[in-house]
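Q: Next come a sequence and a model predicted from it.
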Amino acid sequence: GDSVTQMEGPVTLSEEAFLTINCTYTATGYPSLFWYVQYPGEGLQLLLKATKADDKGSNKGFEATYRKETTSFHLEKGSVQVSDSAVYFCAMSDTGRRALTFGSGTRLQVQP
Amino acid sequence: ETGVTQTPRHLVMGMTNKKSLKCEQHLGHNAMYWYKQSAKKPLELMFVYSLEERVENNSVPSRFSPECPNSSHLFLHLHTLQPEDSALYLCASSQGLGQTTGELFFGEGSRLTVL
């Protein structure tokens, strides 16, 4: 069935380091792909999305490119800040699905 | 402020209690969702409502009973829960379903502890 797999955390980085969080998906159709972020004590909020192959989503310095050939949607940021500390969820929607399918989340801890 | 409000934020209940979680959205959306968030597990979709009609029930035990009286309100009624039901329960809304959904708007969640 449809599924999303994320790298396990926590990921601990120093401020200004480069970030990559891996995400791969399994789907029968052509899904849209999303990254959501959950800050401490809050619900999830959309960070970025891509709706077709080779699209790049970007927001707040984060980027992710929809790679159909590797079924991946890795999240990257060139220079992380302490305020980026949160849990990041990769998700997809697909034809016929009635809701988004989420990964297990990756906790990012950025140290000053 | 995402426009989706959940109450209570925290709930502690015994296994024989009956309680309810409430969700209200002020975004004019027509679909609402309950997700369960447990540590180190993917978010689990529990229920989906579209225009107040339940369109998906992901094999959720009957001790969880959803109710959607109108497009702005969603409840999750809880009774005779088990300790393994302790989790963060997230409500979300969207303008449409499936591929047209695009974005879900989440509440801050209700942290449930079952003793």
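A: Looks like it came in fine.
Q: Show the contacting residues for whichever residue of chain B sits closest to chain A.
A: Ranking the residues of chain B by distance to chain A (CB to the nearest CB) places B:Phe106 first, at 3.5 Å. All C-beta spots, glycine's among them, are computed from the backbone N, C-alpha and C. Contacts for B:Phe106 were tallied using CB atoms under 8 Å, 6 or more residues apart in numbering or on different chains; they are A:36, A:43-45, B:2, B:4, B:90-92.
Q: how about the residues you listed, which pair is most distant?
A: Spatially, the most separated pair among these is A:Tyr36 and B:Cys91, at 14.5 Å (CB to CB).
Q: between the two, which one's more packed in?
A: Legend: neighbour count by other CB atoms under 10 Å in any protein chain shown for A:Tyr36 and B:Cys91, higher for B:Cys91 (28 against 25).
Q: which residue sits closest to that one in space, ignoring its chain neighbours?
A: The spatial neighbour of B:Cys91 that comes closest, neighbours along the chain excluded (CB to CB, 6 or more residues apart in numbering or on different chains), is B:Cys23 at 3.4 Å.
Q: ok, now B:Lys18?
A: Nearest non-adjacent residue to B:Lys18, counting by CB to CB, 6+ apart: B:His79, 4.4 Å away.
Q: what's the burial count for the one you found?
A: For B:His79, the count of nearby residues is 15 (other CB under 10 Å).
Q: Show the contacting residues for it.
A: Applying CB under 8 Å, 6+ apart, the residues near B:His79 are B:17-18, B:63, B:65.
Q: which of these lies closest to A:Asn22?
A: Using CB to CB, B:Arg63 comes nearest to A:Asn22 of these, at 36.3 Å.
Q: quick one: what helix or strand has the residue nearest the centre of chain B in it?
A: The centroid of chain B falls nearest to B:Trp34 when counting by CA atoms, centre = their mean (2.7 Å). Element membership for B:Trp34, per DSSP states H and E: strand B:31-37.
Q: Does whichever helix or strand comes after that strand pack against any helices or strands, and if so which?
A: As assigned by DSSP H and E, the chain's next helix or strand after strand B:31-37 is strand B:44-50. If you count contacts as 3 or more CB pairs under 8 Å, 6 or more residues apart in numbering or on different chains; DSSP states H and E, strand B:44-50 packs onto strand B:31-37, strand B:53-57, strand B:64-70, strand B:73-79.
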